[in-house]
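Participant: let's see this in three dimensions:
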Amino acid sequence: MRILLLGKHGQVSQELQRCLSGTCELTVLGSDQLDLAKPEQIRQHVLSLRPELIINAAAHTAVDQAESEPELAFAINATAPGILAEAAAELNIPLIHYSTDYVFDGTQTEPYRESDAPHPLSVYGRSKLAGEQAIQAAGGMHLILRTSWVYSQHGRNFLLTMQRLLQEREALNVVADQIGAPTWAGSIAQTTAQLIEHWCSGQAGPWGVYHLTAQGETSWFGFASAIAAHLQGQGKPVATLQPIPSSAYPTPARRPLNSRLNCSQLQQAWHIQLPTWQSALSECLTVR
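Facilitator: Coordinates of the predicted model:
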């Protein structure tokens, strides 16, 4: 199968390249080959490659930075996915696209379902929601996979930042009132590979929007504590962790307090079993 993967150096893209390499004819395009901020290039470039599946793992993911550059965030996160979806529909092929828990405002007490009304708090969240809507408006086959708190062994993410700060400082304050599911990029890639396999073997569920996170829940403080425990298990000294409320750590972009996503629909419709966040973290920390 000829698969076009957009996004070259991102966390999910790198894990997808690892998962899919050798199983398909994979074309990976980074921003130097196809700049998603320049929409006039996208359609013709995709049509000329004539893939059988498009995976869009590219995004403007700098949540706070997006507040000061909304036009760029919307170009990459909203306009570009819509054009990709239109090109996919023209080729009569599916598009797999990744979205975020930040499309919700976090005021709900239960984990969010796909049917719950989005209400993003930030430019990033609004741009990602607009991307979802543009893909749906194109009318083609698509999977929009909303995930949360993505981390890996590469790039810029909470895991790598905590590993560094825990060893540099004596004490560290971490937000404890935002609740969600840390999700390893490797789990997202492995699940995506399973979804492709189910589609190819005629066992696909319905196209549409699905939630894809690790099972279970914790706070950023709980996630940091698990990272600290791993470092301590290696005999490394770590900082003392102190839980703080979000109000004590103001950021340009507001974050939802409840980032929990109910993933039962993906599990039932596509027969996918998702790992717990603790087991996925352990697997991530053993991958080299």
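
Participant: contacting residues for the closest residue to Q163 other than its chain neighbours?
Facilitator: In space, Q163 comes closest to I227 once its chain neighbours are excluded; the distance is 6.2 Å by Cβ to Cβ, 6 or more residues apart in numbering. For glycine as for every other residue, the C-beta is placed from the backbone atoms N, C-alpha and C. Counting by Cβ atoms under 8 Å, 6 or more residues apart in numbering, I227 makes contact with 159, 162-163, 166, 281.

Participant: from the residues you listed, pick the one nearest Q190.
Facilitator: Nearest to Q190 out of the contacts of I227 is L281 (Cβ to Cβ; 14.3 Å).

Participant: do you know the pLDDT at the closest one?
Facilitator: L281 carries a pLDDT value of 97.

Participant: just to revisit the earlier point, what's the most distant pair in the contacts of I227?
Facilitator: Farthest pair in the contacts of I227, by Cβ to Cβ: L166 and L281, 14.4 Å.

Participant: strands along the stretch 101-250 of the chain, start to end?
Facilitator: Assignment of strands within the stretch 101-250 of the chain using DSSP state E, counting those that start in this stretch yields the ranges 142-147, 150-151, 171-175, 179-180, 183-184, 208-211, 218-219, 240-244.

Participant: pick the most buried one from those strands.
Facilitator: Highest mean neighbour count of the strands of the stretch 101-250 of the chain: strand 183-184, a mean of 28 (counted as mean count of other Cβ atoms under 10 Å).

Participant: helices of the stretch 51-200 of the chain, start to end?
Facilitator: Assigned by DSSP state H, counting those that start in this stretch, the helices in the stretch 51-200 of the chain fall at 63-66, 70-74, 80-91, 123-138, 158-168, 185-200.

Participant: among those helices, which is nearest Q14?
Facilitator: helix 185-200 (7.3 Å).
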